[in-house]
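Participant: what shape does this take:
(one chain, ligands or ions: 2)
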Amino acid sequence: MDNVTKAKEYALAHESEKRFSHTAGVAGDCGRLAEIFGLDEGLSESLVIAGWLHDTTKELSPSQQKELCIRYGVPEPEDGYGSPTLHAITAAYLTRTLFPDLVNETVFSAIRYHTTGKAGMSLSDMIVCFADYTEASRKYETCRRLRRRFYDNVTPQNRERLLCECLCEAFEATISSLTSRGDYIDPDTFDAKDSLLRLLENQEVRI
Ligand SMILES: [Fe+2]
Ligand SMILES: [Fe+2]
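Facilitator: Ligands and ions are numbered 1, 2, ... in the order given. Okay, here's the model as predicted:
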(Lines give C-alpha, C1' and ligand atoms only; values in the text may rest on other atoms or scores of the structure.)
(Ligands and ions follow the chains in the order given, each with its own letter.)
Protein backbone atom coordinates (compact mmCIF):
# COMPACT_ATOMS: atom_id res chain seq x y z
CA MET A 1 0.00 0.00 0.00
CA ASP A 2 1.42 3.43 -0.87
CA ASN A 3 1.88 6.14 1.78
CA VAL A 4 -1.12 8.26 0.86
CA THR A 5 -3.41 5.20 0.80
CA LYS A 6 -2.12 4.14 4.24
CA ALA A 7 -3.03 7.59 5.66
CA LYS A 8 -6.42 7.56 3.94
CA GLU A 9 -7.25 4.06 5.22
CA TYR A 10 -6.36 5.10 8.78
CA ALA A 11 -8.70 8.11 8.55
CA LEU A 12 -11.45 5.93 7.08
CA ALA A 13 -11.17 3.50 10.01
CA HIS A 14 -11.14 6.22 12.70
CA GLU A 15 -13.61 8.86 11.55
CA SER A 16 -17.38 9.07 11.19
CA GLU A 17 -18.76 9.37 7.67
CA LYS A 18 -19.30 13.13 8.03
CA ARG A 19 -15.81 13.76 9.42
CA PHE A 20 -14.25 11.57 6.74
CA SER A 21 -15.91 13.56 4.01
CA HIS A 22 -14.44 16.79 5.49
CA THR A 23 -11.04 15.07 5.73
CA ALA A 24 -11.22 13.93 2.11
CA GLY A 25 -11.96 17.53 1.12
CA VAL A 26 -8.97 18.81 3.10
CA ALA A 27 -6.60 16.19 1.62
CA GLY A 28 -7.84 17.07 -1.88
CA ASP A 29 -7.33 20.79 -1.27
CA CYS A 30 -3.82 20.14 0.13
CA GLY A 31 -2.93 18.48 -3.19
CA ARG A 32 -4.50 21.32 -5.16
CA LEU A 33 -2.63 23.95 -3.12
CA ALA A 34 0.66 22.07 -3.46
CA GLU A 35 0.18 22.29 -7.22
CA ILE A 36 -0.71 26.01 -7.09
CA PHE A 37 2.49 26.66 -5.12
CA GLY A 38 4.57 24.48 -7.47
CA LEU A 39 5.78 22.19 -4.68
CA ASP A 40 7.78 19.06 -5.51
CA GLU A 41 6.29 15.58 -5.40
CA GLY A 42 7.71 14.68 -1.98
CA LEU A 43 6.40 17.80 -0.27
CA SER A 44 3.08 17.54 -2.05
CA GLU A 45 2.72 13.96 -0.78
CA SER A 46 3.54 15.11 2.77
CA LEU A 47 0.79 17.74 2.65
CA VAL A 48 -1.80 15.28 1.35
CA ILE A 49 -0.81 12.84 4.13
CA ALA A 50 -1.18 15.64 6.70
CA GLY A 51 -4.62 16.36 5.22
CA TRP A 52 -5.68 12.73 5.63
CA LEU A 53 -4.36 12.45 9.21
CA HIS A 54 -5.12 15.91 10.65
CA ASP A 55 -8.44 15.09 12.38
CA THR A 56 -7.95 11.41 13.22
CA THR A 57 -8.30 12.00 17.00
CA LYS A 58 -11.05 14.62 16.69
CA GLU A 59 -13.81 12.24 17.72
CA LEU A 60 -12.10 10.90 20.86
CA SER A 61 -13.63 11.66 24.26
CA PRO A 62 -11.93 14.03 26.77
CA SER A 63 -10.80 11.01 28.80
CA GLN A 64 -9.24 9.40 25.70
CA GLN A 65 -7.56 12.75 24.89
CA LYS A 66 -6.23 12.81 28.44
CA GLU A 67 -4.84 9.31 28.05
CA LEU A 68 -2.97 10.34 24.89
CA CYS A 69 -1.67 13.50 26.57
CA ILE A 70 -0.28 11.47 29.45
CA ARG A 71 1.24 8.93 27.04
CA TYR A 72 3.02 11.64 25.01
CA GLY A 73 3.87 14.05 27.85
CA VAL A 74 1.53 16.79 26.59
CA PRO A 75 0.52 19.13 29.47
CA GLU A 76 -3.19 19.59 30.18
CA PRO A 77 -4.47 22.48 28.03
CA GLU A 78 -5.66 25.70 29.73
CA ASP A 79 -9.20 24.90 28.57
CA GLY A 80 -9.08 21.27 29.75
CA TYR A 81 -9.11 17.89 28.04
CA GLY A 82 -12.36 18.75 26.23
CA SER A 83 -10.46 21.51 24.40
CA PRO A 84 -11.60 21.80 20.76
CA THR A 85 -8.01 22.32 19.60
CA LEU A 86 -6.40 19.47 21.57
CA HIS A 87 -7.03 16.93 18.80
CA ALA A 88 -4.42 18.69 16.65
CA ILE A 89 -1.74 17.91 19.25
CA THR A 90 -2.83 14.35 20.00
CA ALA A 91 -3.26 13.51 16.30
CA ALA A 92 0.27 14.74 15.57
CA TYR A 93 1.85 12.60 18.33
CA LEU A 94 -0.29 9.53 17.78
CA THR A 95 0.13 9.38 14.00
CA ARG A 96 3.89 9.99 14.26
CA THR A 97 4.14 7.01 16.60
CA LEU A 98 1.95 4.81 14.41
CA PHE A 99 3.46 5.88 11.07
CA PRO A 100 7.04 7.12 11.59
CA ASP A 101 7.70 6.73 7.85
CA LEU A 102 4.74 8.92 6.89
CA VAL A 103 4.79 11.58 9.58
CA ASN A 104 8.02 13.50 9.04
CA GLU A 105 8.67 16.92 10.63
CA THR A 106 6.66 18.72 7.93
CA VAL A 107 3.62 16.48 8.41
CA PHE A 108 3.91 16.58 12.21
CA SER A 109 4.04 20.37 12.34
CA ALA A 110 1.22 20.84 9.81
CA ILE A 111 -1.06 18.54 11.85
CA ARG A 112 0.06 20.02 15.19
CA TYR A 113 -0.79 23.61 14.20
CA HIS A 114 -3.69 23.08 11.79
CA THR A 115 -6.24 24.63 14.16
CA THR A 116 -4.41 27.23 16.23
CA GLY A 117 -1.63 28.26 13.86
CA LYS A 118 1.54 29.65 15.47
CA ALA A 119 4.12 32.40 15.01
CA GLY A 120 6.33 31.88 11.96
CA MET A 121 4.28 29.19 10.19
CA SER A 122 5.97 27.46 7.27
CA LEU A 123 4.28 27.37 3.86
CA SER A 124 3.29 23.74 4.58
CA ASP A 125 1.73 24.71 7.93
CA MET A 126 -0.21 27.47 6.18
CA ILE A 127 -1.44 25.26 3.36
CA VAL A 128 -2.88 22.59 5.68
CA CYS A 129 -4.39 25.22 7.99
CA PHE A 130 -5.98 27.07 5.07
CA ALA A 131 -7.22 23.84 3.46
CA ASP A 132 -8.86 22.91 6.77
CA TYR A 133 -10.42 26.35 7.31
CA THR A 134 -11.85 26.64 3.81
CA GLU A 135 -12.80 23.00 3.08
CA ALA A 136 -15.83 23.01 0.77
CA SER A 137 -18.38 21.58 3.22
CA ARG A 138 -17.82 24.36 5.78
CA LYS A 139 -20.95 26.46 6.16
CA TYR A 140 -19.51 29.46 8.01
CA GLU A 141 -19.65 32.53 5.74
CA THR A 142 -16.03 33.63 6.32
CA CYS A 143 -14.80 30.15 5.32
CA ARG A 144 -16.80 30.24 2.09
CA ARG A 145 -15.80 33.80 1.27
CA LEU A 146 -12.07 33.13 1.86
CA ARG A 147 -12.26 29.97 -0.25
CA ARG A 148 -13.72 31.94 -3.17
CA ARG A 149 -11.34 34.86 -2.65
CA PHE A 150 -8.26 32.66 -2.78
CA TYR A 151 -9.11 30.22 -5.58
CA ASP A 152 -10.77 32.86 -7.80
CA ASN A 153 -7.85 35.28 -7.58
CA VAL A 154 -4.66 33.28 -7.10
CA THR A 155 -1.84 33.71 -9.64
CA PRO A 156 1.81 32.57 -9.56
CA GLN A 157 2.68 36.21 -8.76
CA ASN A 158 0.33 36.84 -5.83
CA ARG A 159 0.01 33.34 -4.30
CA GLU A 160 2.18 33.85 -1.18
CA ARG A 161 0.70 37.24 -0.28
CA LEU A 162 -2.86 36.10 -0.99
CA LEU A 163 -2.47 32.99 1.18
CA CYS A 164 -1.08 35.10 4.05
CA GLU A 165 -3.89 37.67 3.69
CA CYS A 166 -6.62 35.01 3.65
CA LEU A 167 -5.14 33.08 6.56
CA CYS A 168 -4.70 36.27 8.58
CA GLU A 169 -8.36 37.06 8.02
CA ALA A 170 -9.28 33.52 9.04
CA PHE A 171 -7.43 33.92 12.37
CA GLU A 172 -9.03 37.34 12.92
CA ALA A 173 -12.47 35.81 12.35
CA THR A 174 -11.68 32.93 14.73
CA ILE A 175 -10.48 35.34 17.43
CA SER A 176 -13.54 37.54 17.08
CA SER A 177 -16.02 34.65 17.14
CA LEU A 178 -14.34 33.01 20.17
CA THR A 179 -14.26 36.41 21.91
CA SER A 180 -17.95 37.02 21.28
CA ARG A 181 -18.79 33.59 22.73
CA GLY A 182 -16.48 34.15 25.71
CA ASP A 183 -14.50 31.02 24.75
CA TYR A 184 -10.83 30.33 25.42
CA ILE A 185 -8.40 31.52 22.73
CA ASP A 186 -5.07 29.72 22.37
CA PRO A 187 -2.13 32.19 22.56
CA ASP A 188 -0.72 30.53 19.41
CA THR A 189 -3.67 31.95 17.45
CA PHE A 190 -2.84 35.53 18.49
CA ASP A 191 0.82 34.85 17.64
CA ALA A 192 -0.15 33.42 14.24
CA LYS A 193 -2.24 36.47 13.36
CA ASP A 194 0.41 38.96 14.56
CA SER A 195 3.15 37.10 12.74
CA LEU A 196 1.18 37.17 9.47
CA LEU A 197 0.40 40.86 9.90
CA ARG A 198 4.12 41.58 10.31
CA LEU A 199 4.91 39.52 7.20
CA LEU A 200 2.27 41.41 5.20
CA GLU A 201 3.82 44.74 6.14
CA ASN A 202 6.74 43.85 3.89
CA GLN A 203 6.51 44.61 0.17
CA GLU A 204 7.56 41.14 -0.82
CA VAL A 205 6.09 38.27 1.17
CA ARG A 206 8.53 35.37 1.54
CA ILE A 207 7.43 32.27 3.41
FE1 LIG B 1 -9.07 19.75 13.19
FE1 LIG C 1 -10.35 19.46 9.98
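
Participant: how many residues are close by Thr23?
Facilitator: Thr23: 25 surrounding residues under other C-beta atoms under 10 Å. For glycine as for every other residue, the C-beta is placed from the backbone atoms N, C-alpha and C.

Participant: was I right to think it contacts Glu59?
Facilitator: No - here Thr23 lies out of contact with Glu59, judged by C-beta atoms under 8 Å, at a distance of 11.1 Å.

Participant: touching both of these two, which residues are there?
Facilitator: Common neighbours of Thr23 and Glu59, using C-beta atoms under 8 Å, 6 or more residues apart in numbering, are Glu15.

Participant: for Gln65, what are phi and psi?
Facilitator: phi -60, psi -40 (degrees, to the nearest 10).

Participant: quick one: contacts for the closest residue to it other than its chain neighbours?
Facilitator: Once flanking residues are discounted, Gln65 sits nearest to Tyr81: 4.8 Å by C-beta to C-beta, 6 or more residues apart in numbering. Tyr81 makes contact with Pro62, Ser63, Gln65, Lys66, Cys69 under the criterion C-beta under 8 Å, 6+ apart.

Participant: residue furthest from the geometric center of this protein?
Facilitator: In the chain, the residue that sits farthest from the middle, by C-alpha atoms, centre = their mean, is Gln203; the gap is 26.3 Å.

Participant: mind listing what's buried along whatever helix or strand Ser195 lives in?
Facilitator: Element membership of Ser195 [criterion: DSSP states H and E] is helix 187-201. In terms of neighbour count (16 or more other C-beta atoms under 10 Å), helix 187-201 has its buried residues at Asp188, Thr189, Asp191, Ala192, Lys193, Ser195, Leu196, Leu199.

Participant: wait, which of those is closest to ligand 2?
Facilitator: Using C-beta to the ion, Thr189 is the member of these that lies nearest ligand 2, at 15.4 Å.
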